[in-house]
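this is a predicted model, with the sequence first.
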Amino acid sequence: MKRCMQITLAFLKDIKNIMGLIKNCIKDMESQGIYQWDEYYPTAEIFEEDIKSGSLYILEDKRNCLGVISINEKQSPEYKKLHWSVEDGKVLVIHRLAVNPECQKQGVGRQLMDFAEKYAAEKGYTSIRLDAYSGNPRALNLYERRGYQKVGQLSFPRREFPFYCYEKAIERRKMECY
């Protein structure tokens, strides 16, 4: 039987489920020796801000939170140090992509990334940027398989390994004239 999954904007009422997902992700990553997230990041307050700004999307299956992604134009100030390949136009940034460990390798991350890329194309963005913890090989593999190009790396507090910064140029979807 095929799952009925949908991606929608997250609401404040979803915080409990989102934080449950994040706790499960942290526990799963730590079991693999990946110390990307902790009790300091990401917090419920960060997700509440994402929700209030209309930038947090949730992938659900009958009210079960399978994954989340935050997409907006907020670039970390450290991004200014890097030489991005796309300098002109609007940039969409991916933050806090998380997939329920029980649903990994079932296409949830792919669906969230497909959503972000389609959103970017439809809204006229010229590129998508993101940073990924270099100690998380599954995340790096996901982005690289999707054609994201590594443009540099940054270090953030309380993290053993640097974050790799990626970018993907977005082809604008043209309206056909009849």
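Good, I have the coordinates. Numbers count the residues shown, from 1 in each chain.

gap between the closest residue to Ile26 other than its chain neighbours and Glu49?
Excluding the flanking residues, the one nearest Ile26 by C-beta to C-beta, 6 or more residues apart in numbering is Trp37, at 5.0 Å. Heads up, the C-betas are built off the backbone N, CA and C, glycines and all. Distance of Trp37 to Glu49, computed by C-beta to C-beta, to the nearest Å: 16 Å.

which of the two has more neighbours?
Using other C-beta atoms under 10 Å as the criterion, Trp37 and Glu49 rank with Trp37 on top: 20 against 13.

who's the nearest residue to Leu82 once chain neighbours are set aside bridged to?
Distances taken as C-beta to C-beta, 6+ apart put Gly152 closest to Leu82, at 4.3 Å, once the chain neighbours are dropped. Gly152 has these beta-bridge partners by DSSP bridges: Cys165.

might one say that Gly152 is in contact with Phe163?
No: the criterion here is C-beta atoms under 8 Å, and Gly152 misses it with Phe163 at 9.6 Å.

give me the more crowded residue out of those two.
More crowded of Gly152 and Phe163, by other C-beta under 10 Å: Phe163, with 21 against 17.

just the pLDDT for that one.
On the pLDDT scale, Phe163 is placed at 96.

then Gln153?
pLDDT at Gln153 comes out at 96.

how about the contacts made by the residue nearest to it when sequence neighbours are not counted?
Distances taken as C-beta to C-beta, 6+ apart place Pro162 nearest to Gln153, at 4.2 Å, with adjacent residues excluded. By C-beta atoms under 8 Å, 6 or more residues apart in numbering, the contact set of Pro162 is Ser134, Gln153, Leu154, Ser155.

can you check Gly109 too?
With contact set as C-beta under 8 Å, 6+ apart, Gly109 has these partners: Gly67, Leu97, Val99, Leu142.

and it, helix, strand or coil?
Of the three states, Gly109 takes helix under DSSP: H, G, I helix; E, B strand; the rest coil.

wasn't Ser127 part of a strand?
Yes: with three-state DSSP as the criterion, Ser127 is part of a strand.

where does the spatially most central residue of the chain fall, secondary structure wise?
The centroid of the chain falls nearest to Leu97 when counting by C-alpha atoms, centre = their mean (3.1 Å). Assessed by DSSP states H and E, Leu97 sits inside strand 90-99.

on that earlier part again, who wins for neighbours among the contacts of Pro162?
Ser134 (18 neighbours).

how close does that one sit to Leu82?
As for Ser134, its distance to Leu82 is 15 Å (criterion: C-beta to C-beta).

got it, and Lys118?
25 Å.

so these two - more neighbours on which side?
Leu82 (17 against 12).

the more buried one and Cys165 touch, don't they?
Yes: contact status for Leu82 versus Cys165: in contact at 5.6 Å, counting by C-beta under 8 Å.
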